[in-house]
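Colleague: Output the structure for:
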Amino acid sequence: MSSDPSAPRRFVNIAVLTVSDTRTLDNDSSGAYLQQILQEEGHHLADRKIVIDDIYQMRAIVSAWIADPAVEVIITTGGTGFTGRDSTPEALAPLFDKHIEGFGELFRQLSYEEIGTSTVQSRCLAGLSNNTAIFCLPGSPGACKTGWNGIIAQQLDSTFQPCNFVQHVRKKS
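Modeller: The predicted structure follows:
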C-alpha cells in the first residue's frame, strides 16, 4: 500500500447525492462533508443533489449522472439501512455493470471498530456502471468519514498502488 510520488495525479469529477426525506442543503451535514473533503483532496464537484428515498427518483438522477460525460464518480449517502424507507441498494444495484463486493465488506470491517455489531445493519455497496464508479454510503456523517477516509480517498488517488479505481473510470470530458 503506497503511492507513486513520481506519477502525476489525476483528479476526478464527483457527483454527491444525499438520499433523505428530511434533509435540505442547509442541514445536510453528510453531503456537505463529502463535498468539502473531495474538494480538499483536489477532486472536482460535478454536481450535488438531495432526493427523497424513492427508488425511481434515485435511479433517474444516478442514471443521468452515469450518462453525463462530466461525471466520473458518484457518492451517495443515506438509504442503506433497514427501515421501511431505506431503498438505496434496491434502487442502484440494478444499474451496476459490475458490483464491487469488497467495498461493503471492508466498510463493515472498518465500521465494526467504531460501532460494533451494529455495522451488520449497513447495506452500503459500490459498483461500476458505464465506467462510472458509484459508492453508496450510510447517511451519518461518521459513516461518510469512515467510508471516505478508510476506502474512497485511496481508491480515488490515481497514484495509489498497486491499484485504484481512477484507472477504471474514463476521463469523459
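Colleague: Quick one: mean pLDDT over stretch 106-124.
Modeller: When pLDDT is averaged over stretch 106-124, the result is 94.
Colleague: List the contacts of it.
Modeller: With Cβ atoms under 8 Å, 6 or more residues apart in numbering as the contact definition, stretch 106-124 has outside contacts at 80-82, 86, 88-89, 103-104, 135-138, 142-143, 146-147, 150-151. In short, each C-beta sits where N, CA and C put it, glycine included.
Colleague: Of all the residues in that stretch, which ones are buried?
Modeller: Residues of stretch 106-124 classed as buried: Leu106, Phe107, Arg108, Leu110, Ser111, Ile115, Thr119, Ser122, Arg123, Cys124 (neighbour count, 16 or more other Cβ atoms under 10 Å).
Colleague: Nearest to Ala70 among the residues you listed?
Modeller: For those, the closest approach to Ala70 (Cβ to Cβ) belongs to Cys124, at 25.1 Å.
Colleague: Please enumerate the helices of this structure.
Modeller: For the chain, the helices identified by DSSP state H occupy 29-40, 55-67, 88-92, 101-115, 141-147, 153-155, in order along the chain.
Colleague: Including distance to Arg48, could the ones you listed go into JSON lines?
Modeller: Listed next are the helices of the chain as JSON lines, based on distance: least, Cβ to Cβ, whole Å:
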{"stretch": "helix 29-40", "distance to Arg48": "6"}
{"stretch": "helix 55-67", "distance to Arg48": "11"}
{"stretch": "helix 88-92", "distance to Arg48": "16"}
{"stretch": "helix 101-115", "distance to Arg48": "21"}
{"stretch": "helix 141-147", "distance to Arg48": "13"}
{"stretch": "helix 153-155", "distance to Arg48": "18"}
